[in-house]
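>>> Here is my input; please provide its structure:
(one chain, ligands or ions: 1)
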Amino acid sequence: MSGNYGKVYLVGSGPGDPELLTLKARRLIDSAEVIVFDQLPGKAILGSMPESAEKIDVGKYAGNHMMTQSEINKVLVQKAKEGKNVVRLKGGDPYVFGRGGEEAEVLVAEGIEFEIVPGITSAIAVPAYAGIPVTHRESTSMVTFITGHEDPTKEESGLDWETLAKFEGTLVVFMGVKMLRRNTEELMKHGKNPKTPVAVIERGTRPDQRVTVGTLENIANLAEERKVKAPAITVVGDVVNLHNILGEQHTGTDF
Ligand code: SAH
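The predicted structure follows:
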């Protein structure tokens, strides 16, 4: 490690409710010299970045990245080599579908000190605010996180639908809005019960959170009718039924 280099903090911002930011994340954001961010942390948290920090917007969450991953990596390396302390702010948890692992690898290869600051992942918190515990003693003791791919131009999903259709636990699907129809069809084609409950939760834990509940066979139509947009988490499994009992929770913060 070079003594003249700054340090990079890979900081998870949680799903959007600013009160779900960790104390460590808050402290590091408040004292950062440089903050490298994308839009996923959401308005409330992005709006709380200090005036004094240099703020570099490296992308948007639904496709259309302003910078490629390798350009983002370069920015992190360059700023750290300038001796700056850098916060790389990422929605949810940096190591859950956030490409944080790749960024950390680059920093290690460049001899730059880094620290990971886990965040509350949307995989758990977003269903929770929608009244859906991802595990429940009476319905399932297993949960799997998968990516549904926002990119409809990708023909191959890389997912093993046969195994996923057989899986009896809860499926939590990231980035699955554009591919919702294909994904639900694949699950049914491989034998999953069309009546399996499904919820799509948009902008979870934020003031405009919206929950759409259906089944494997009708959720794609419902989502189309309601013009469901990213960022959204899709939950597949019996735990979705708890939404009717536990109800939706909204953030207590006025932002
Ligand atoms: N590292 C993040 C995930 C990054 S991938 C985490 O741990 O949460 C981006 C995807 O995360 C989005 O497409 C969406 O599926 C999900 N996501 C993140 N925040 C969300 C929110 N507030 N509401 C719904 N989905 C969200």
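>>> Quick one: residues contacting the residue in the stretch 1-150 of the chain positioned nearest to the ligand.
For the stretch 1-150 of the chain, the residue closest to the ligand is Gly92, as judged by Cβ to the nearest ligand atom, at 1.9 Å. All C-beta spots, glycine's among them, are computed from the backbone N, C-alpha and C. With contacts defined as Cβ atoms under 8 Å, 6 or more residues apart in numbering, the neighbours of Gly92 are Gly12, Ser13, Gly14, Pro15, Leu40, Gly98, Gly119, Ile120, Thr121, Ser122, Ala123, Ala125.
>>> Narrow those residues to those in strands?
Cross-referencing those against strands under DSSP state E gives Gly12.
>>> For the stretch 101-250 of the chain, which segments count as strands?
If you assign secondary structure with DSSP state E, counting those that start in this stretch, the strands in the stretch 101-250 of the chain sit at 114-117, 143-147, 170-174, 197-202, 210-215, 232-236.
>>> Including distance to the ligand, could these go into CSV?
Converted to CSV, the strands of the stretch 101-250 of the chain look like this (distance: least, Cβ to the nearest ligand atom, whole Å):
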stretch, distance to the ligand
strand 114-117, 12
strand 143-147, 7
strand 170-174, 4
strand 197-202, 6
strand 210-215, 10
strand 232-236, 4
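>>> Highest mean neighbour count out of those strands?
Relative to the other members of the strands of the stretch 101-250 of the chain, strand 232-236 carries the highest mean neighbour count by mean count of other Cβ atoms under 10 Å, namely a mean of 27.
>>> picking that back up, show me what the residue of the stretch 1-150 of the chain closest to the ligand bridges to in the sheet.
Judged by DSSP bridges, the bridge partners of Gly92 are Gly14.
>>> rewinding a little: want to throw the strands of the stretch 101-250 of the chain into CSV with mean pLDDT?
What follows is the strands of the stretch 101-250 of the chain, written out as CSV (pLDDT from 0 to 100):
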stretch, mean pLDDT
strand 114-117, 98
strand 143-147, 96
strand 170-174, 97
strand 197-202, 98
strand 210-215, 98
strand 232-236, 98
